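*Asks:* Build me a model from this:
(2 chains)
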Amino acid sequence: MRTGFCFDFDGTITDRELLPYLAESIDLVDEISVLTRATIEGHLDFRKSFKLRCRLLGSIPVSRVNELVQDVRMQPDIVDFIRSRPDDCVVVTGNLDCWIGPYVAEHLGCKLVSSRGNVSEDRLTGIDDVLDKGAAVAALREEFGWDRVVCIGDGMNDVPMLELADIAVAYGGIHTPCKAAEEAAHYIVYNPRSLCTLMSQF
Amino acid sequence: MHADVPVLIAAAGIGSRLGMNLPKALVEVNGRSILERLLADVLVDEKDVRLIVGFRADEVIACARRVRDDVIIVRNPSFRDTSVRHSFWLAARHIQQPCYVIDGDTLVDPKAWRAFKQRAQGMDTLIGVTPSSTTDAVFTRMTPDGRDITAFTRAEPQSHEWCGVAKLSPRLFDQKHDYVFQCIDAALPAPAHVLEVAEVDTQADLALAEAFARRIDAQPRLVSSRNVAMPLAA
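*Replies:* Just a heads-up that it's a prediction; the model follows:
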């Protein structure tokens, strides 16, 4: 049986949410953090909130974002798990390809499915597509021919992929998963080692 | 092969016979909940602990996380309409190797657990029994030498009863029986191990469990690899 693993990125693989971190460089931390928190908790629609946050962060040159992201730490146990089976793991994120694509390719070596940003002269000029994680997981299942899909996430925008998963894991390693993610999940784990213990048996 | 033997704790039920509107795992005996005692004292050296939650899940999870953050939570959203067997199945279906199961309403003597685990090493099946004491017991019929269980019976009282602690093949829970002991039946005859526990099904059981907890708490504490105090840096 071939099993695929779809991981949320921000706050699941990384040990912090990236957008508030990027906001530090342009002194908009509180503004972005409020929006991020409200979005994770499901008070704001992910698409609208994400576009708004990208508009705010769009003043940072894309190459600078790529540099900043290099300093973000990832959870080593999860990184080891993905690197040990890169062909069966996919990062499924609402974050932008132009911001995190190089980082994922370099450090995880697995496929990335993400929202798509429009870049012109090193500036983010718009969002082409905000990822629907449910549709993404359905397409990945076809593409890879997986018999079984395990999805791991924590936020409101992870719920559609958790609902489509054969095994849904709400992950609270960085912050407590939103209620809807917990309720869509078969498992809830709060520790990266426990997550890997669980996944290694699938 | 996965190195650590998974331990499954069923704590999803409503505990209607006890009538405290509290998951039985959260019932306090001698000042501490059964779950806290299981996670902090009994399973302190177990690395793969899976807790099945349902009724008042948030409180059960919060209790577990106060003790340790590495417990894997398994959700049983249909806890109102399903049995302990179903709870164990939810946790066991993704496990390939023999695992320990413990009923979350069962107070276990930490020393007795260590002896049980030691005996179970290298065995696929070991069934915990305890001298009969609870109301509504599932009795175990044993071979004359007392080594093996040959059958479970509710009708004919025996010296020992099934105590809710076992090492088992996870596939036993694939059988769609109502009760856990009916699933274990397929593995009989199987070795039995006597261990001291107190199960809390009714108010009468609770009084026995209180006395049992006081006895455990009076014992000198076992030193665990997890709880060894580290000297603080000056």
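*Asks:* So which bits of the helix or strand of chain A with the lowest mean pLDDT are buried?
*Replies:* Across the helices and strands of chain A, mean confidence by mean pLDDT, DSSP states H and E is lowest for helix A:29-40: a mean of 88. Of all the residues in helix A:29-40, those buried under the rule 16 or more other Cβ atoms under 10 Å in any protein chain shown are A:32, A:33, A:35, A:36, A:39, A:40. Where you see a C-beta, it was placed from the backbone N, CA and C, and this is true even at glycine.
*Asks:* Show residues contacting it.
*Replies:* Residues outside helix A:29-40 that contact it (Cβ atoms under 8 Å, 6 or more residues apart in numbering or on different chains): A:11, A:17, A:19-20, A:22-23, A:44-46, A:49-50, A:52-53, A:56-57, A:154-157, A:175, A:178.
*Asks:* Buried by neighbour count: which residues of the top helix by length along chain B qualify?
*Replies:* Secondary structure of chain B per DSSP state H: the longest helix is helix B:203-218. Buried residues in helix B:203-218, defined by neighbour count with 16+ other Cβ under 10 Å: B:205, B:206, B:208, B:209, B:210, B:212, B:213, B:216.
*Asks:* rewinding a little: any idea how far the least confident helix or strand of chain A is from the middle of the chain?
*Replies:* Centre-to-centre, helix A:29-40 and its host chain are 16 Å apart (Cα atoms, centre = their mean, to the nearest Å).
*Asks:* Let's see that helix as CSV, backbone CA atoms only.
*Replies:* Taking Å, rounded to 0.1, in the frame of the first residue of the first chain, the C-alpha atoms of helix A:29-40 are listed here in CSV:
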residue,chain,number,x,y,z
VAL,A,29,4.3,42.6,13.6
ASP,A,30,1.2,43.4,15.6
GLU,A,31,-0.9,44.0,12.6
ILE,A,32,0.1,40.8,10.8
SER,A,33,0.0,38.7,14.0
VAL,A,34,-3.6,39.7,14.8
LEU,A,35,-4.6,38.8,11.3
THR,A,36,-2.7,35.5,11.4
ARG,A,37,-4.1,34.5,14.8
ALA,A,38,-7.7,35.4,13.7
THR,A,39,-7.2,33.4,10.5
ILE,A,40,-5.8,30.3,12.3
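*Asks:* wait, what's in contact with the closest residue to chain A within chain B?
*Replies:* Going by Cβ to the nearest Cβ, chain A is nearest to residue B:73 of chain B, at 4.0 Å. Each residue near residue B:73 by Cβ under 8 Å, 6+ apart is listed here: A:187, A:188, A:189, B:50, B:51, B:53, B:61, B:64.
*Asks:* Helices - which of the residues you listed land there?
*Replies:* B:61, B:64.
*Asks:* would you turn the contacts of residue B:73 into a markdown table with pLDDT?
*Replies:* Output for these, formatted as a markdown table (pLDDT from 0 to 100):
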| residue | pLDDT |
| --- | --- |
| A:187 | 98 |
| A:188 | 98 |
| A:189 | 98 |
| B:50 | 98 |
| B:51 | 98 |
| B:53 | 98 |
| B:61 | 98 |
| B:64 | 98 |
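*Asks:* Flag every residue of chain A that's near chain B.
*Replies:* Counting by Cβ under 8 Å from any Cβ of the partner chain, the residues of chain A close to chain B are A:167, A:182-183, A:185-191, A:193-194, A:197-198, A:200-202.
*Asks:* and residue B:193, that's in a strand?
*Replies:* Yes. Counting by DSSP: H, G, I helix; E, B strand; the rest coil, residue B:193 is found in a strand.
*Asks:* what comes up buried for stretch A:78-91?
*Replies:* Of the residues in stretch A:78-91, A:78, A:79, A:81, A:82, A:88, A:89, A:90, A:91 count as buried by neighbour count, 16+ other Cβ under 10 Å.
*Asks:* what do you get for stretch B:60-67?
*Replies:* Buried residues in stretch B:60-67 (16+ other Cβ under 10 Å): B:60, B:61, B:63, B:64, B:65, B:67.
*Asks:* Pull up the per-residue confidence for residue B:230.
*Replies:* We have a pLDDT of 48 for residue B:230.
*Asks:* contacting residues around the longest helix of chain B?
*Replies:* Contact with helix B:203-218 is made by B:18-19, B:27, B:29-30, B:32, B:34, B:37, B:41, B:107, B:109-110, B:133-135, B:196, B:198-200, as judged by Cβ under 8 Å, 6+ apart.
*Asks:* out of these, which are buried?
*Replies:* Buried among the contacts of helix B:203-218 by 16+ other Cβ under 10 Å: B:18, B:27, B:29-30, B:34, B:37, B:41, B:107, B:109-110, B:133-134, B:196, B:198-200.
*Asks:* Farthest pair within those?
*Replies:* B:18 and B:110 (23.4 Å; Cβ to Cβ).
*Asks:* Out of the buried residues of stretch A:78-91, flag the one nearest to residue A:134.
*Replies:* Among the buried residues of stretch A:78-91, and counting by Cβ to Cβ, the member closest to residue A:134 is residue A:90, at 14.0 Å.
*Asks:* Now do that closest one against residue A:146, distance only.
*Replies:* Distance from residue A:90 to residue A:146, counting by Cβ to Cβ, to the nearest Å: 10 Å.
*Asks:* Which of the buried residues of stretch A:78-91 fall in strands?
*Replies:* A:89, A:90, A:91 (DSSP state E).
*Asks:* so which helix or strand takes in the spatially most central residue of chain B?
*Replies:* For chain B, the residue whose C-alpha lies nearest the mean C-alpha position (Cα atoms, centre = their mean) is residue B:102; its distance is 1.8 Å. In this assignment (DSSP states H and E), residue B:102 forms part of strand B:99-103.
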